[in-house]
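Have a look at this fold, sequence not included:
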């Protein structure tokens, strides 16, 4: 896959992260996105297989919680990022995470998403808080749309 195509497709996959946060934690009818600022609520969603895609995965306290879950083997993590960010994933890799690298620029628009397979997709917002999608069909669709990138990613 060429560099431009990879960046374009990744941006399409991450576009939902740019959704404006809802006014409350309750989603509106027809809108599968819920907004929360509660880091512990979001960490509570994490179990089983988790994919981190991009280069921003929330504030430091969230990252520590994610690392603790990985080290405790509560979750199995795959990370898909770019070459510039891959060195920052060394603690996760040391805890057993698989780290893949793709030629992508995550600095434009959406910066990252986290897929909790079968349960939720979490978009950490640089402005604070998280957009969370819990609709199983939407979660499955997003997870499936990202699978081709794992096949072309090089290991870090």
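Cool, got the structure. What you see is a predicted model, and the numbers here were worked out from it, not measured in a lab.

now the helices for the protein?
3-14, 39-43, 60-71, 90-94, 136-152 (DSSP state H).

Indicate which one of those is closest to residue 122.
With C-beta to C-beta as the measure, helix 39-43 is the member of the helices of the chain nearest residue 122 (5.8 Å). Where you see a C-beta, it was placed from the backbone N, CA and C, and this is true even at glycine.

Could you double-check that residue 113 sits in contact with residue 121?
Yes. Residue 113 is in contact with residue 121 according to C-beta atoms under 8 Å; the separation is 6.0 Å.

So for stretch 105-125, first residue to last residue, what's the gap.
17 Å (C-alpha to C-alpha, to the nearest Å).

If you count neighbours, what's buried in that stretch?
106, 110-117, 119-125 (16 or more other C-beta atoms under 10 Å).

tell me which of those is nearest to residue 138?
residue 121 (7.2 Å).

show me what contacts that closest one?
Counting by C-beta atoms under 8 Å, 6 or more residues apart in numbering, residue 121 touches 16, 113, 114, 115, 132, 133, 138, 139, 142, 143.

Buried ones among these?
16, 113, 114, 115, 132, 133, 139, 142, 143.

biggest separation within the buried residues of stretch 105-125, which pair?
For the buried residues of stretch 105-125, and using C-beta to C-beta, no pair is farther apart than 106 and 119, which are 23.5 Å apart.

re earlier: flag whichever of the buried ones among the contacts of residue 121 scores worst on pLDDT.
Minimum pLDDT for those is recorded at residue 16 (42).

thinking again about what came up before, now for the buried ones among the contacts of residue 121: which two are most distant?
132 and 143 (14.7 Å).

where are the low-confidence patches of the protein?
1-29, 109-110 (pLDDT under 70).

Report the beta-bridge partner residues of residue 122.
residue 114, residue 132 (DSSP bridges).

That one against residue 129, yeah?
No. Contact criterion C-beta under 8 Å: residue 122 and residue 129 do not qualify, at 10.5 Å.

quick one, which of the helices of the chain is nearest to residue 80?
With C-beta to C-beta as the measure, helix 136-152 is the member of those nearest residue 80 (5.7 Å).

Only the buried residues of the closest one, if you could.
Buried residues in helix 136-152, defined by neighbour count with 16+ other C-beta under 10 Å: 139, 142, 143, 146, 149.

cool, and stretch 88-103?
For stretch 88-103, using 16+ other C-beta under 10 Å, the buried residues are 89, 92, 93, 95, 97, 98, 99, 100, 101, 102, 103.
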